[in-house]
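1. Just need the structure, nothing else, for what follows:
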Amino acid sequence: MIAKTRAELDAELVARVADDAAFRAQLLENPKEAIQQAIGIAIPEDFTIQVHEESSMTAHVVLPPSGQLTQEDLAVVAGGNGLISSWARA
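-> Okay, the predicted model is just below:
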């Protein structure tokens, strides 16, 4: 499997929900299961995925983890280049 960046995965999911109402509902109901099935990887049980649906009156801001960031963390935050395989990191 080719590793995808977080930004690539986000774009793929957004494109798919635009055309697939059932997938959108599954993603909102059980994001981890929906993503595991969609991209064919196992996501660790202790890893949490939250999906938020924006509206014209709601916006979401994603903050990096608190505390000191590593150079790798800064690159992810700055450029959205976190590899999906990072989900498997401890």
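
2. In contact with residue 53: list those residues for me.
-> residue 28 (Cβ atoms under 8 Å, 6 or more residues apart in numbering). (Glycine included, C-beta is placed from N, CA and C.)

3. Could you tell me how far it is located from residue 59?
-> 11 Å (Cβ to Cβ, to the nearest Å).

4. Same question for residue 15.
-> Separation of residue 15 from residue 59 (Cβ to Cβ): 20 Å.

5. lowest-pLDDT helix or strand in this structure?
-> Lowest mean confidence among the helices and strands of the chain (mean pLDDT, DSSP states H and E): helix 71-79, at a mean of 67.

6. what's the pLDDT at the closest residue in space to residue 60 that isn't next to it in sequence?
-> Spatial nearest neighbour of residue 60, excluding adjacent residues (Cβ to Cβ, 6 or more residues apart in numbering): residue 52 at 4.7 Å. We have a pLDDT of 90 for residue 52.

7. Same question for residue 4.
-> Residue 4 is given a pLDDT of 77.

8. and it, how many neighbours does it have?
-> 17 (other Cβ atoms under 10 Å).
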